[in-house]
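Asks: Whatever this is, show me its structure:
(one chain, ligands or ions: 1)
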Amino acid sequence: MDFFIDGNWTPATSSQLIRVTNPATGETLETVPSGNAGDADRAIVSAAKAFALWRKVPMARRASLQHAAAQRLRERADEFAQLLTLELGRPLAGSKNEIERSADLLDYFAEEGLRLRGEIPMINEESERVLVVKEPLGVVVAITPFNYPITLLIFKLGAALMTGCTVVAKPASNTPLTTLLLAELFHQAGYPPGAFNAITGSGSELGRALVEHPVPRKIGFTGSSGAGKRIAAMAAVTNKRLTLEMGGQSPAIVCRDAKLDTAVTALVRHSFANSGQFCYRVNRIYVDREIYPQFIERFARAAAALKVGNGMDPDCDLGPMVSEKIFSTSVEHVENALAQGARLATGGERLLGDDYDSGFFFPPTVLADTRQSMKIMREETFGPVVGVMPYDSLAQAIELANDSVFGLAGYVFSSDLAVALSTAESLEAGSVWVNNIHRSYNMVPFGGYKESGLGREKSRHGLEAYLELKTIYLSTAS
Ligand code: NAP
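Replies: Reported below is the predicted structural model:
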């Protein structure tokens with residue numbers, strides 16, 4: 001595949017290629033160009049040219065185009081989901097869900113965009129009015145990770161296009177194919193050339209060139225905290241606006257009076273979905289000592305029952321890890337915990353034999369009796385491994401939960417809603433779920449405290465993040 005720039009499939013100037021493989025089989029799916037600074041410039045020039053016109057397009061027209069793109073995405077959900085499973089490895093049902101939810105998010109932003117308002121304060125001066133208006137920022141660079149390539153792009157793209165910005169997207173090198181296809185889909189839906197460009201290449205070369213380029217006014221980034229902090233430092237040179245969605249190491253607290261059936265079901269789902277490759281997954285669990293043995297037994301049994309396999313198999317719950325690099329963190333965290341005295345309740349070793357040999361398959365893994373000093377309790381695993389430890393008082397559990405540089409999400413299970421609410425309020429996290437865990441909703445903000453992020457995506461706040469405020473002082477006296 002080539003780049004999608006200015007409404008056309010466009011070859012790169014760089015002759016370097018990235019091989020995109022199926023993580024379940026190791027087979028090559030496609031090659032895409034590994035772009036350089038010249039390629040970044042071409043895409044940005046196209047987006048800048050388009051911005052001059054797109055910013056003047058009425059909101060109602062932008063909304064109807066966005067609904068049209070959402071509709072086309074739904075119509076092609078099977079095709080996009082198949083490609084997503086091939087490049088990422090996730091089970092097909094999960095991929096289809098990502099595509100459908102992404103279409104819903106486009107619709108949401110289209111509707112929320114129509115509700116944007118400026119202000120006219122009551123200054124009450126005879127011949128003067130003051131207008132506070134909102135204007136699109138300009139060209140936006142959207143840099144996305146491998147784990148939810150379409151949804152995490154639409155967090156940025158849907159808000160940017162609706163507010164009148166234009167976009168250059170750079171997907172992760174492991175999973176670029178669906179993003180390139182999405183750029184073509186938007187063009188087919190009627191977007192003008194240059195409104196949404198997609199180019200591929202490494203973070204260190206192409207990503208850096210996009211961030212350092214003087215023209216873009218905003219970087220919307222989702223990825224690791226390390227890359228996010230490097231991007232923030234580079235963007236500071238030209239004072240670009242930033243939304244950063246970064247890494248997580250999310251804690252769950254299970255109180256003595258928690259409903260264990262509900263807690264175990266929710267925690268298993270939210271620890272191992274997408275093979276643990278999502279930012280607000282549960283990485284560590286603190287359990288009241290009184291119910292700790294039964295919790296471990298039930299949690300490990302439910303985890304062990306999940307089936308690992310090729311994402312194209314409709315019965316499988318977990319696919320392969322996307323790459324050896326991502327897989328190796330799970331291995332490292334298990335080894336580190338076991339060396340320091342943790343107990344393996346289930347899983348723990350790479351799956352091998354038959355079809356498992358052609359990918360990096362890791363089973364749902366539960367490490368019991370962990371300590372706060374272990375990597376599984378401190379660092380982001382981004383794999384299907386969870387650390388569990390007992391606590392003696394809720395105050396201690398809250399202190400341990402907050403003892404982290406991350407602050408993306410937290411989870412509390414207690415039948416006493418007053419206790420649950422005050423615990424939720426005490427957690428240093430952008431989102432907290434109480435007594436159940438589900439996906440985050442489109443109409444509420446999502447983002448992180450501390451090193452998990454800067455700014456919020458989704459909701460009205462996620463839309464406003466692509467606007468600049470301008471104050472116009474209008475003297476009417478002639
Ligand atoms: P990553 O290695 O940080 O890469 C993310 C994106 O940034 C990729 O497109 C990457 O390009 C690019 N990149 C890397 N270094 C860059 C640089 N110096 N300048 C510009 N671009 C750069 O993350 P990942 O492994 O794909 O994804 C996993 C991480 O994403 C985890 O930490 C996870 O928690 C985080 N995440 C956060 C959220 C959230 O909402 N908070 C959601 C999902 C994932 P290449 O692929 O070419 O390296």
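Asks: Flag every residue of the stretch 101-250 of the chain that's near the ligand.
Replies: Residues of the stretch 101-250 of the chain that fall close to the ligand, judged by C-beta under 6 Å from any ligand atom: 143-147, 152, 170, 172-173, 202-204, 207-208, 211, 222-224, 227, 230-231, 245-248. Where C-beta positions appear, they are placed from N, C-alpha and C, glycine not excepted.
Asks: In strands, which of the residues you listed fall?
Replies: 143, 170, 222, 245 (DSSP state E).
Asks: For the residues you listed, work out which two are farthest apart.
Replies: Largest separation among these by C-beta to C-beta: 170 and 245, giving 14.9 Å.
Asks: Just the buried ones out of the residues of the stretch 101-250 of the chain next to the ligand, please.
Replies: Neighbour counting by 16 or more other C-beta atoms under 10 Å classes 143-147, 152, 170, 172-173, 202-203, 207-208, 211, 222-224, 227, 230-231, 245-248 among these as buried.
Asks: Narrow those residues to those in helices?
Replies: 152, 208, 211, 227, 230-231 (DSSP state H).
Asks: which two from these end up farthest apart in space?
Replies: Going by C-beta to C-beta, the pair spanning these furthest: 152 and 208, at 19.7 Å.
Asks: And residue 127, how far from the ligand?
Replies: Noted for residue 127: a distance of 49 Å to the ligand, by C-beta to the nearest ligand atom, to the nearest Å.
Asks: now residue 289
Replies: For residue 289 relative to the ligand (C-beta to the nearest ligand atom), the value is 30 Å.
Asks: count of residues packed around the nearest residue to residue 448 once chain neighbours are set aside?
Replies: In this structure, residue 448 finds its nearest non-sequential neighbour in residue 408, 4.2 Å apart by C-beta to C-beta, 6 or more residues apart in numbering. Burial of residue 408 is recorded as 28 neighbouring residues (other C-beta atoms under 10 Å).
Asks: I'd say residue 408 and residue 281 touch.
Replies: No. Taking contacts as C-beta atoms under 8 Å, residue 408 lies outside contact range of residue 281: 9.5 Å.
Asks: Residue 275 - that's part of a helix, no?
Replies: Yes. With DSSP: H, G, I helix; E, B strand; the rest coil as the criterion, residue 275 is assigned to a helix.
Asks: Can you tell me the number of residues neighbouring it?
Replies: There are 33 residues near residue 275, going by other C-beta under 10 Å.
Asks: residues in contact with it?
Replies: By C-beta atoms under 8 Å, 6 or more residues apart in numbering, the contact set of residue 275 is 89-90, 308, 318-321, 362, 383-384.
Asks: Most neighbours among those residues, please name it.
Replies: Counting by other C-beta under 10 Å, top hit in the contacts of residue 275: residue 89 with 31 neighbours.
Asks: what's the spacing between that one and the ligand?
Replies: From residue 89 to the ligand the distance is 14 Å (C-beta to the nearest ligand atom).
Asks: same check, this time on residue 351
Replies: Distance from residue 351 to the ligand, by C-beta to the nearest ligand atom: 22 Å.
Asks: any idea how far residue 302 is from the closest residue to that residue other than its chain neighbours?
Replies: Leaving aside its sequence neighbours, residue 351 sits nearest to residue 361 (C-beta to C-beta, 6+ apart; 4.2 Å). Counting by C-beta to C-beta, to the nearest Å, the gap from residue 361 to residue 302 is 19 Å.
Asks: For these two, indicate the residue with more neighbours.
Replies: Taking other C-beta under 10 Å, residue 361 and residue 302 do not tie; residue 361 has more neighbours (25 against 19).
Asks: Which pLDDT value goes with the more buried one?
Replies: Looking at residue 361, its pLDDT stands at 97.
Asks: residues from the stretch 351-478 of the chain in reach of the ligand?
Replies: 380, 382, 408, 448, 452-453.
Asks: Max pairwise distance over the residues you listed: which two?
Replies: 382 and 453 (15.7 Å).
Asks: hang on, residue 53 is in a strand, isn't it?
Replies: No. Counting by three-state DSSP, residue 53 is not part of a strand but helix.
Asks: To what extent is it buried, counted in neighbours?
Replies: There are 13 residues near residue 53, going by other C-beta under 10 Å.
Asks: Cool, thanks, talk later.
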